[in-house]
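> The following block contains a protein sequence and its predicted model.
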Amino acid sequence: MHVHSYYSADSLITPEELIFYAKKCGLDGVAVTDHDRLDGALKIAAETDFLIIPGIEVRSSGGHVVGLNVTKLVSPKLSAAETVNRIHDAGGIAVACHPTGLFKGGLGKRTNMSFDAVEVINSSAIPFSYTVKQNMKIASRLGKPKLAGSDAHIGPEIGCAYTLVNAEPDVSDVVKAIRKGLCQPFGNSIPFTIRLKRIIEVNRRKI
């Protein structure tokens, strides 16, 4: 439910790697959620039979918001409320991603009833156990469905967290199931060695 392709400036995952690692860890589909961009997700979805949920991670003025099943670009730097409204207008669902993770631009206490779901497990978030606990509290308080995502930026991170959805492998069916809360989050923190690999490889790309 939260993977970045190389269309995000801080990710190295090619379309081929995305599908390879997703299949390797047993996923039936992937939500591609690049930073403030939708073109990569739509292009990848059009070029494969593997289930790709087109998405976007929008940097709103209040924090990061993931839109799932959107096919229209949502502008960054709007308020969180306006960002959610535009995701809904585009036919998608709005997810409060990593709301309490340090250095992640999370919404924190600004997560409210306008959201359709809360990402309670984010493999990239630190401190991992604390953020999971706090995110669970937010989702429970709001009565919102709970999702998990790896927030992957290199191939081996894909699948460190995942969401089990009681739905057919179809984008609209998956989205409907999430809205109904027919989903369960699972996952663990990205191992330190893989985090280090990401830092080295991303910095190498910038050189």
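Right, received. Where do you want to start?

> use CA for all of it now, contacts and neighbours both
Will do.

> Could you look up the SS state of residue 121?
Per DSSP: H, G, I helix; E, B strand; the rest coil, the local secondary structure of residue 121 is strand.

> tally of neighbours for it?
The number of residues packed around residue 121, counting by other C-alpha atoms under 10 Å, is 33.

> Tell me what it is bridged to.
Residues in a beta bridge with residue 121, per DSSP bridges, are residue 148.

> dump the residue contacts of it.
98, 131, 132, 135, 147, 148, 149, 161, 185, 186, 187, 188 (C-alpha atoms under 8 Å, 6 or more residues apart in numbering).

> Tell me the pLDDT of the third one.
Going back to what we said before, that points to residue 132. If you check residue 132, the pLDDT there is 97.

> Just the element for it, please.
Element membership of residue 132, judged by DSSP states H and E, is helix 128-142.

> Show me what the helix or strand harbouring residue 162 is packed up against.
Using DSSP H and E, the element containing residue 162 is strand 161-165. With contacts defined as 3 or more C-alpha pairs under 8 Å, 6 or more residues apart in numbering; DSSP states H and E, strand 161-165 has these neighbours: strand 146-149, helix 171-179, strand 183-187.

> Pull the first one out as CSV, backbone CA atoms only.
Meaning strand 146-149. In CSV, the C-alpha atoms belonging to strand 146-149 read as follows (Å, rounded to 0.1, in the frame of the first residue of the first chain):
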residue,chain,number,x,y,z
LYS,A,146,-5.9,0.1,9.4
LEU,A,147,-3.3,-0.3,6.6
ALA,A,148,0.4,-1.3,6.5
GLY,A,149,3.0,-0.3,3.9
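
> ok so, going back, mind checking how far the strand holding residue 162 is from the chain centre?
Put simply, strand 161-165 sits 11 Å off its chain's centre (C-alpha atoms, centre = their mean, to the nearest Å).

> Report the rounded mean pLDDT for it.
Averaged over strand 161-165, pLDDT sits at 98.
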